[in-house]
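Asker: Sequence plus the predicted model coming up.
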Amino acid sequence: MNKLNKRYLNIQEKIRSYDHEYYILDNPSISDQEYDNLFRELQQIESQNPDWITPESPSQRIGIKPANDFSTFKHFSQMLSLANAFNEEDLKNFHDRIIKNLGDDQRINYFCEPKMDGAAISLIYEKGILTRGVTRGDGTLGEDITSNIRTIRSIPLRLKQSEHTFPDLLEVRGEVFISKSDFDDLNLKAKQKSEKVFANPRNAAAGSLRQLDPAITSSRPLAFFAHGIGSCLGKTFIDLQELFTVFSSWGLPVNDLNQFASSITECSKYFQNIESSRDTIPFEIDGVVFKVNEISLQKQLGEIARSPRWAIAHKFPAEEVFTEIEKIDFQVGRTGILTPVAKLKTVNVGGVNVSNCTLHNFDELKRLDPRPGDGALIKRAGDVIPKMVEVIPKKKNRSHSIKIPKKCPCCKAEIVINFQSEWTIVDTNTSKPIKRFSSSYEAKKFLDENQALKIHIAEERFETPFMKCSGGNNCPEIFQGKFTHFVSRKAMDIDGLGQEILLTLINQKFIKDFADLYSLKDHRSELEKLERFGKKSVDNLIKSLKKSTSVELHRLIFAIGIEEVGETTSRNLANYFGTMDSLLKSSYEDLIAVPDIGPRMAAKITDYIRDIENKTSLEKLLNCINIINPDLKSSNEDLLFSGIQIAITGKVSPMSRDDLKNIFMLQGAKVTSSISNKTNYLIAGENAGSKLEKAKTLGIKIVDATDIDDFINDPKKF
């Protein structure tokens, strides 16, 4: 090795050390001019000796633009999401579940961290050298954004040498974020240049990571904190305290606010301290995270669905903000149902700019009685969905109450008001109700089957009314809504067809039916001439359409948009009928036998599959795609909940009811919304209500929500 080469390696090492001091320790030991001189010397040596340049050289911070969009990368180990706790009781239940799962009363230590409100990423180091940076994606597949990751100065391209040897492969999990002050500066510069400003630091960080030009990412003030580990080959760690100590010795940035807790009580104190100092913390957080400190216990506890059993996010209470109501609109959904929506003076709620707030239905509109000019308290429920908590009436010259429109605001067709109704079978002698039905058909059928009993249909009770446009496919909002739903991620998952592009294709008469989407490949030259289109975007769209031609049956059922048929019901229908042909030939009686499908929904499905227009549309679509049918034989073999019918009532935590349903269904269970003699188990959460009493009356086995983990692992114990 000659002197120049030694000098080159020495400069590299010095620059890495100075970067660590500046970007991580915030304590530079040299001036900017000295640093710039050293960096120029590095570049000069590399220009004379280009074969010396390696990817981890400080000069390689800005990488090469990807030829196309980012490629996908499968994580070595899944990037899980965290279950949520919203109060002290949730936190206590989390601790109790851990003790119960471990099977003894041993003392559990925790590691506490602020919950960063940024973008999750995974960094892959091989023998200490950064080789790949990947977004979280869906937890299994992420996007390879290595070129952009290299531009973030606080992420070392080569780990620092320390007394701890590097593993052969290391997956570092962490969060990319932008500090509050840097975010303000970023938006100020954007305003000065008349560019679009970002709504919050999280969106700015996530958007910066997905820029195709690394130079743009490099211009954004991105920072990084490591908060965990994925796969690690060639090294083991005892606990998180050791892990983060070693991370720091390697030059990986770790949050200074992290703290060890010897009990769940100390965790609560940590939460209170962080919450009280939230405004002074230099970056956005939306809660704190508690993790079991000892890694061997983490492995013993394992995971459930997409969340680890050994960690939980304690979220901050939803923030409430006052604003003014400007007007009340009525939006038309893909099924024609009108939803009242309040248009608000834009207000920032928990880091998100909110200007619209759904009022859900007519009853909510009537209850709140919001009017233009009134004040309103808005909060983001679960830190996600804006909700109107309270209306503060205007003191003088208050507007009139909002009336239900008689015509569709989009197509001017008549508005039909429908009611959900209930029929009650009553004992003629005692006048006591025996059974209730949501369809007159079922009530009359029960009456016919029990003619020997002295019973009659005594009442019809009307519940929440809903408004519906009668225009059908002639209503542009309904028509476009059907396509938006059809191409969505949980349906056919067709990329490149956002609402504006779909609207262009509809207006230009390229698509009149679902099957027309698969004919777009024959109109390539015409598409390339349209606004928002180009050769590359058309190529990507056609690739995505081709990929979607192989679709699982339950996704297809969900995609065609039968009214009230959601993801769970679509899966139930697919697993029950096995093929689309069998479903299309089914009768009302066949449908009513499907788990979780009541008379009302059975009628909706029957109406859909008997409609001539729908039948014609489906026939054309089925000629364009290949359906992957469920293997009903194998799907029911050796599944833990095969043949078991489960109902859920009350609030379950820390996971959502939908997540819990999916766990049971994937293991062969039939999950229903109502209780009958066929129900095997009722999962009872907080505020369980009448279903719990009915289950006790029918002798159904009841599983307390706090025992969910045990029940999922071994239902035979219950």
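Answerer: Nice, I can see it. Residues are numbered from 1 along each chain as shown.
Asker: Show me where the stretch 351-500 of the chain has its helices.
Answerer: Remark: helices assigned in the stretch 351-500 of the chain by DSSP state H, counting those that start in this stretch are 362-368, 440-449, 476-487, 499-507.
Asker: Quick one: low-confidence residue ranges for the stretch 451-600 of the chain.
Answerer: By pLDDT under 70, the weakly predicted segments of the stretch 451-600 of the chain are 458-465, 595-596.
Asker: what sits up against the strand or helix carrying residue 331?
Answerer: Following DSSP states H and E, one finds residue 331 within strand 320-332. Contact partners of strand 320-332, identified using Cβ atoms under 8 Å, 6 or more residues apart in numbering, comprise 338-349, 354, 359, 365, 370-379, 389, 391-392, 402, 405, 408-410, 467, 469, 475, 477-478, 481. Where you see a C-beta, it was placed from the backbone N, CA and C, and this is true even at glycine.
Asker: mind listing the strands for the stretch 501-650 of the chain?
Answerer: 550-552, 626-628, 645-649 (DSSP state E, counting those that start in this stretch).
Asker: Give me the neighbour count for residue 9.
Answerer: 12 (other Cβ atoms under 10 Å).
Asker: Got the phi and psi for it?
Answerer: The phi/psi pair for residue 9 (degrees, to the nearest 10) reads phi -70, psi -40.
Asker: Residue 428 and residue 456 touch, don't they?
Answerer: Yes - judged on Cβ atoms under 8 Å, residue 428 makes contact with residue 456 at a distance of 5.7 Å.
Asker: What is the neighbour count of residue 432?
Answerer: Neighbour number of residue 432 under other Cβ under 10 Å is 8.
Asker: Oops, could you answer that again for residue 163 instead?
Answerer: Close neighbours of residue 163, defined as other Cβ under 10 Å, add up to 6.
Asker: what's the answer for residue 448, then?
Answerer: For residue 448, the neighbour count with other Cβ under 10 Å is 8.
Asker: thinking again about what came up before, then the strand holding residue 331 to CSV, C-alphas only?
Answerer: Output of strand 320-332 as CSV, limited to C-alpha atoms (Å, rounded to 0.1, in the frame of the first residue of the first chain):
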residue,chain,number,x,y,z
GLU,A,320,-59.1,18.2,20.1
VAL,A,321,-59.1,21.5,18.1
PHE,A,322,-61.7,24.2,17.6
THR,A,323,-62.5,25.3,14.1
GLU,A,324,-65.5,26.7,12.1
ILE,A,325,-67.9,24.9,9.9
GLU,A,326,-68.1,26.5,6.4
LYS,A,327,-70.7,24.3,4.8
ILE,A,328,-72.3,20.9,4.8
ASP,A,329,-72.0,18.8,1.6
PHE,A,330,-73.4,15.4,0.6
GLN,A,331,-71.0,13.0,-1.0
VAL,A,332,-72.1,10.1,-3.2
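Asker: Quickly run through the sheet partners of that strand, with directions.
Answerer: Here strand 320-332 is paired, per DSSP bridges, with strand 338-349 (antiparallel), strand 375-381 (antiparallel).
Asker: Least confident secondary structure element in this structure?
Answerer: In the chain, no helix or strand scores lower on mean pLDDT, DSSP states H and E than helix 632-635, which sits at a mean of 56.
Asker: I'd assumed residue 209 was in contact with residue 145.
Answerer: Yes - between residue 145 and residue 209 there is a contact at 5.5 Å, judged by Cβ under 8 Å.
Asker: what touches both of those two?
Answerer: Counting by Cβ under 8 Å, 6+ apart, the residues touching both residue 145 and residue 209 are 121, 135.
Asker: Compare the two (neighbour count), which wins?
Answerer: More neighbours surround residue 145 than the other of residue 145 and residue 209, with 26 against 23 (other Cβ under 10 Å).
Asker: tell me the contacts of the more buried one?
Answerer: 70, 121, 133, 134, 135, 209, 210.
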